[in-house]
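A.B. asks: mind folding the following:
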Amino acid sequence: MGVQENEKALRYIGQLDEARCTARWTDVPELARKIEKHAPHRRCLALTARSEARIGTYSAQRPSTAASTSSANLSKIIPPLLTAIEEEAEYPQDAFQATICLGWLHFVLDEPGLAVARLPKDLSTAILKLSGNSHALGNWTHVCIVKGAYIKGFSQEKTSAVQDALKTYSSVFPFLLSLSSLTSTSAQFRLWTERLLGRACLLVDQSSSEIHDIDSAQSLKAFRIWQRLWDSLAASGASGSEAGKSRRLVWKAYYDTLSTLLQRGHSYEPSPTNLEPRQYDSSEKLEQYLNSRLQQRSELKRVEAIYEGLILKETHFPKASENNYEIEQWIEAVMSNWRVLCGPNWQDEELGEGGKGAVGRGVLDILYRAATKTFHSTQILRHLFTVHASLAEFDLSFKAYDSYVEIVTRGKDRAEKSGEDEASMDDDDTILRTAAEAIRMLCRFGSRDEAVKALHIGQNIDKWLKQHTPSISFLNPTPTDKDVAKESEEPTKYQLHPRTLAVAYRAIGISQAHWALWTYEASSRTKLQKQAIHYLRKSLEPKFEDPHNLETLYALGLALAETRDITGALKIVKRALSPATKLDISIRTDGVISDKPLSTTAPFLRERKLIPLWHLLSLLLASRSDFSTAAKTCEAAFEQFENPVNLFGKGEGSKEYRSDHLNAKEKHTKKSRAIVDQMETYEKVGIIEIKMTQLSLLEVLENSNVAVDESDELLGLYARLFGDPSEDQVKRHLHTASPAPPMSSAGTFKGSIFRSRSTRKNAEAGAAVAKEPSETNSRPSTVATQRTAATQATAAPTIQVTDENGSEKANGHRHKLHFKPDLRHNHDSDKSAPKRGGSVKLQKRSAGSLRRQSQADEDKTNEKYELDGAPNGKPHRNNSQREKSTHRPSMSSSIRKSTETPERPLQPVAHNAPNTVQPPPVGHAKQPPQQDNRLPAPFPHPNYTPPDPRFSILQERRQKVSLLVKVWLFISGLYTRSAMYEDAKGAIREAAKLVQGLEYEVAQESSSAKAFANQGWGGGKGVEELWADTWASQGEMLQAQDSPHEARIEYEKALSHFPDHPTAIVGLSNILLDIFGQVIPPEPTPISGLTSPLTSPSVPAISTTEVDTKKTHIISAAPSAENQVSAPELYRLAARDRAHGLLSTLTKLGPGWDYSEAWLALARAYEECGQIEKAKEVLWWCVELEDSHPVREWSSVGVGKFVL
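C.D. replies: Got it, this is the predicted structure:
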């Protein structure tokens, strides 16, 4: 036992410890003297304290004029300290403190080698020895442990021993983690800990190119200890610009490290006890993987908010000649992470509340706040353009783009005058790629007005390229090339990347090909198409280093098909499908080219992009009447995924019957995501379209009855891809029509434009909308009746019509989307099933649903969607028998049915920082801005597919309903051509229900005529056009039933909704020409034909007058003495002239310029007018069109037109 200190000694020792921990160096000498007096055996402690006071005072005074003298005086401390360390044997903590003091002295004297030599070789061992002593570690000993590690590590850094320095820093991590709290420690402990962790974090920054062989777990461990210290640092208020900058650098390193791990595709799961993350692959349990992703996103978001707060607080608005490079680097880092999080490798459920939409809104807020610290930043405007578009805020997106173009144009003009480039200006590559991205978005998601804007942007790109000839050299220039690059043109100052030129030429070609579909000037259409093909071919030239780009090959193939160059289109499409295009389609998770190794690959990425090309190839083969090969090509689009399980996943559709309990249990069990679950909406639409083409080819190869047999697969496929549309409608009704925007975005620019109109609606709004009908009829069965109720238990979800409040009618009509591997009907088992007609069952109602039907509903026979002409409200069955199908089951027919809907309602997400802490986004209003992943400044991979924009709930609903209406009307056409008119009525009725439901939802947002006619961005159709499609299909069915006058009424209804509807115009014109040619009477006979299943309209009366049976050409009906015509003659003449006017207009429009039926009807109109030469000319054009006419329109290949 050593000497026991008295009370005074203990008190002075405690005061000395406190003075050292708070750096009160002026008090230390006096306290050391008192300790020497009352505890002379603690000589080492007193000497060390005096030495530390001198060193601390010297460090605080540097630099000074007497630095050399002071340093010489400090050197005199070294021998006494060495002697004290050697003599101290009773108090290990005193000896350890003296050792650290000696190392500190050498460190201050800038002698890093001696500092490393004086300090303990292994600090972790020294800590264990001190902890094993009977005396508890004092506060100053705690400081000395961290202080010694920092001094030794930093000295090792100065001697280029970086790996040794990192080991030194890491050696005290267990000690720091063993402390219960870092917030209650002394100021000196926090100071030295901050310095140590700061250096350690900068060393383990995973984004640094100088780092080698550093485990990411070790990196995150250091950063998380820094995170624990952050609260105490903020409370201590360590001021000074140097401290603020160093902290900001550490947080930047933390954010960069998390970003690097994110972009490398690493997942981790932090432990709540030791803060050590555990790396693992995504092949582990899904729940564990999901939790890991949620924690990774949460940590990144927290660090992002802290670093943003520091950089905005400590950065000032720049002068006109300055740039805030740190802000620009920060924005690029945020955008890189956004591309990853909103890319194909992350799903909504892995990002927490709000999903990708919330991520995009947060990025927009960051961009607007960063704009307050920059001056006319083209970088921020470019990112605003990208992110706004990703959130389907296209108006705001193109406001940002227009501002971007204006600033870039002015900047280029100033640079030409001054001869000096502006450092903050985007380079030519980025500018061209941004313009090309604008064209891509306008052509893919816009309509006519957007096509005009895309054409203008393309013309500006073309003009710029012609004016500046950016490093283009033609070895063998063609006449067209000479037009593009003239001798008088001046080259650009900087050479453009060849692929940038390829992208630019492709964008020009797409803009011109797209406008050719919309232009009213028929004379300019051919020129536009030729120019588009020229630019697309030019984009594929080898000198531009991208001769196998799938997007360019697809656009060129479709453009050639539109111009009826089937041979050329086939060559291009086969080239796209060949192994030559099988480049490295693996992409970084941020989807851009980088020097870093690629670490992630989207599953079947190339195969997903090839689906529209397989579809186009099928249509091209069909246009050559090679229907069998075309059908096999459709099947190849599915077979390229190797197994249906890869594409559609494992589901209940392939399993045997199980109890309701097991089915319900599996419904709530998480399942592995199939490829279709990772697809964007446009990709899913492409699958539906190719399935419809498959059925059309089947109809040609077999007959309509066989195609009808397989139509259930189409409905089941829709259910698997998009879920039950009625559930989406219910969700929409359960939530408020316009949820309140987050408070953080109040007063923003976006809200001023997109202010909700729902606040102006009142309770009477619903009265203006047609009431939801109550369905009482069940349509005829077509699925074999031996399918038992047990089998039905695994059927796909029902599509149900809901009331305005979202609730299902008690006796409502239900429709199941059946999708079985084989749904062909059994025609040989008439004994076990009632004899049925030739109709496919569009709905299958269970016995329970029939029992629930009330007598009161059976009496309602005058509802809007009631079938007429059927006893007891039930439709007649068609007694025609069907032929058995001999074609082999398709691979796509094994798709499972889904009982889950993938849609989840998005809820408002709070801002990532309070308004009181950070400035709100300037120029923003009620809602935060929103999101995309298009145009990074680096070159995107040529095979990279950006995700679709995050459309609003209503717009997504419009897209899905438009597609499902198209499916129902397609099936109705199959029924009509199979003479199954009752089933055709049922299909049309289903479509009408969907349209009416969408009409009600649109009316909740706005009840203006423009709202019903507007189709919005991103595809889909307006309510008016959907009604026109429905009425036109009804007209076609009635015309097939030899009821032309009833069909005429339906066509008139269609044109009242959409005046340029091609099918309605052609159908109505043929009827009008039949009236003129006296093929049919001008009015219906007293025995009326079939009436519409949608309504029972009263047929307008037409005066009955005798008509001449002799057919004559009436050239003019102008009343005169020489030209007296009777009322019937005038009626016939009016019918002919109206048909001629309708067809003349239609054939000049985009939907009608290659519509052979319209041209054929126009030829007939010319013939009836006596214009034989024109009729011949039009007929030859019809022959040319029919010679290359596909089984379906070319536009069915892709919703994005010429954009893949």
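A.B. asks: state the phi and psi torsions of residue 702.
C.D. replies: Dihedral pair for residue 702: phi -100, psi -90, per degrees, to the nearest 10.
A.B. asks: my bad, should have said residue 564
C.D. replies: For residue 564, the backbone dihedrals (degrees, to the nearest 10) come out as phi 70, psi 20.
A.B. asks: what confidence value was assigned to it?
C.D. replies: The model reports residue 564 with a pLDDT of 91.
A.B. asks: now do residue 136
C.D. replies: Note on residue 136: pLDDT of 82.
A.B. asks: what is the three-state secondary structure of it?
C.D. replies: When classified by DSSP: H, G, I helix; E, B strand; the rest coil, residue 136 comes out as coil.
A.B. asks: so what does it have for phi and psi?
C.D. replies: Main-chain torsions, residue 136, degrees, to the nearest 10: phi -70, psi 150.
A.B. asks: and it, how far from residue 1077?
C.D. replies: Residue 136 is 111 Å from residue 1077, where distance means C-beta to C-beta, to the nearest Å. For the C-beta atoms, the positions are set from N, CA and C on the backbone; glycine is no exception.
A.B. asks: quick check: residue 410 vs residue 163, distance?
C.D. replies: Noted for residue 410: a distance of 51 Å to residue 163, by C-beta to C-beta.
A.B. asks: using CSV, write down the CA coordinates of the helix or strand encompassing residue 510.
C.D. replies: Assigned by DSSP states H and E, residue 510 falls within helix 498-516. Presented in CSV, the C-alpha positions along helix 498-516 are these (Å, rounded to 0.1, in the frame of the first residue of the first chain):
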residue,chain,number,x,y,z
PRO,A,498,-19.2,11.5,-79.9
ARG,A,499,-22.0,9.9,-78.0
THR,A,500,-23.4,13.3,-77.2
LEU,A,501,-23.7,13.9,-80.9
ALA,A,502,-25.4,10.5,-81.3
VAL,A,503,-27.9,11.5,-78.6
ALA,A,504,-28.5,14.9,-80.2
TYR,A,505,-29.2,13.4,-83.6
ARG,A,506,-31.5,10.8,-82.2
ALA,A,507,-33.4,13.5,-80.3
ILE,A,508,-33.8,15.5,-83.6
GLY,A,509,-35.0,12.4,-85.4
ILE,A,510,-37.5,11.5,-82.7
SER,A,511,-38.9,15.0,-82.5
GLN,A,512,-39.6,15.1,-86.3
ALA,A,513,-41.0,11.6,-86.4
HIS,A,514,-43.2,12.4,-83.5
TRP,A,515,-44.5,15.6,-85.1
ALA,A,516,-45.3,13.7,-88.3
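A.B. asks: which of residue 136 and residue 1077 has more neighbours?
C.D. replies: Taking neighbours as other C-beta atoms under 10 Å, residue 136 and residue 1077 compare with residue 1077 leading, 15 against 9.
A.B. asks: how about the more buried one, phi and psi?
C.D. replies: Dihedral pair for residue 1077: phi -80, psi 10, per degrees, to the nearest 10.
A.B. asks: touching, residue 345 and residue 266? I think so.
C.D. replies: No: if you go by C-beta atoms under 8 Å, residue 345 and residue 266 don't touch, sitting 11.8 Å apart.
A.B. asks: can you give me the helices for the stretch 451-600 of the chain?
C.D. replies: In the stretch 451-600 of the chain, the segments counted as helices under DSSP state H, counting those that start in this stretch are 479-484, 498-516, 522-539, 550-562, 566-577.
A.B. asks: quick one: which of the ones you listed is nearest residue 11?
C.D. replies: Shortest distance between residue 11 and the helices of the stretch 451-600 of the chain, using C-beta to C-beta, is found for helix 498-516: 76.5 Å.
A.B. asks: got TSV for the helices of the stretch 451-600 of the chain, with distance to residue 431 and mean neighbour count too?
C.D. replies: What follows is these, written out as TSV (distance: least, C-beta to C-beta, whole Å; neighbours: other C-beta atoms under 10 Å):
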stretch	distance to residue 431	mean neighbour count
helix 479-484	19	12
helix 498-516	9	26
helix 522-539	18	19
helix 550-562	20	26
helix 566-577	29	20
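A.B. asks: between those, which gets nearest to residue 721?
C.D. replies: Nearest of the helices of the stretch 451-600 of the chain to residue 721, taken as C-beta to C-beta: helix 550-562 at 21.5 Å.
A.B. asks: let's see the closest one as PDB, backbone CA atoms only.
C.D. replies: C-alpha atoms of helix 550-562 as PDB (Å, rounded to 0.1, in the frame of the first residue of the first chain):
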ATOM      1  CA  LEU A 550     -31.400   0.100 -78.600                       C
ATOM      2  CA  GLU A 551     -33.400   3.400 -78.300                       C
ATOM      3  CA  THR A 552     -32.200   4.600 -81.700                       C
ATOM      4  CA  LEU A 553     -32.700   1.200 -83.400                       C
ATOM      5  CA  TYR A 554     -36.200   1.100 -82.000                       C
ATOM      6  CA  ALA A 555     -37.100   4.600 -83.100                       C
ATOM      7  CA  LEU A 556     -35.600   4.000 -86.600                       C
ATOM      8  CA  GLY A 557     -37.400   0.600 -87.000                       C
ATOM      9  CA  LEU A 558     -40.700   2.200 -86.000                       C
ATOM     10  CA  ALA A 559     -40.200   5.200 -88.300                       C
ATOM     11  CA  LEU A 560     -39.400   2.800 -91.200                       C
ATOM     12  CA  ALA A 561     -42.500   0.800 -90.400                       C
ATOM     13  CA  GLU A 562     -44.700   4.000 -90.400                       C
END
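A.B. asks: just want the angle from it to helix 498-516.
C.D. replies: The directions of helix 550-562 and helix 498-516 differ by 30 degrees, with axes from the mean of the first three to the mean of the last three C-alpha atoms, to 10 degrees as the criterion.
A.B. asks: on contacts alone, who are the packing partners of helix 550-562?
C.D. replies: With contacts taken as 3 or more C-beta pairs under 8 Å, 6 or more residues apart in numbering; DSSP states H and E, helix 550-562 sits against helix 498-516, helix 522-539, helix 566-577, helix 605-623.
A.B. asks: save those helices as JSON lines, and put in distance to residue 1011 too.
C.D. replies: Shown next, in JSON lines, are the helices and strands packed on helix 550-562 (distance: least, C-beta to C-beta, whole Å):
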{"stretch": "helix 498-516", "distance to residue 1011": "25"}
{"stretch": "helix 522-539", "distance to residue 1011": "31"}
{"stretch": "helix 566-577", "distance to residue 1011": "39"}
{"stretch": "helix 605-623", "distance to residue 1011": "31"}
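A.B. asks: nearest to residue 1054, of those helices?
C.D. replies: Among the helices and strands packed on helix 550-562, the nearest to residue 1054 by C-beta to C-beta is helix 522-539 (24.0 Å).
A.B. asks: the inter-axis angle of that closest one versus helix 550-562?
C.D. replies: For helix 522-539 against helix 550-562, the angle by the same axes, to 10 degrees is 150 degrees.
A.B. asks: what's in contact with helix 522-539?
C.D. replies: With C-beta atoms under 8 Å, 6 or more residues apart in numbering as the test, helix 522-539 has contacts from 480, 501-503, 505-506, 508-510, 512-513, 515-516, 519, 546, 549, 552, 555-556, 559-560, 562-563, 1147-1148, 1153.
A.B. asks: give the buried residues for the top helix by length along the chain.
C.D. replies: Using DSSP state H to define each element, the chain has its longest helix at helix 286-314. Residues of helix 286-314 classed as buried: 289, 292-293, 295-297, 299-301, 303-312 (neighbour count, 16 or more other C-beta atoms under 10 Å).
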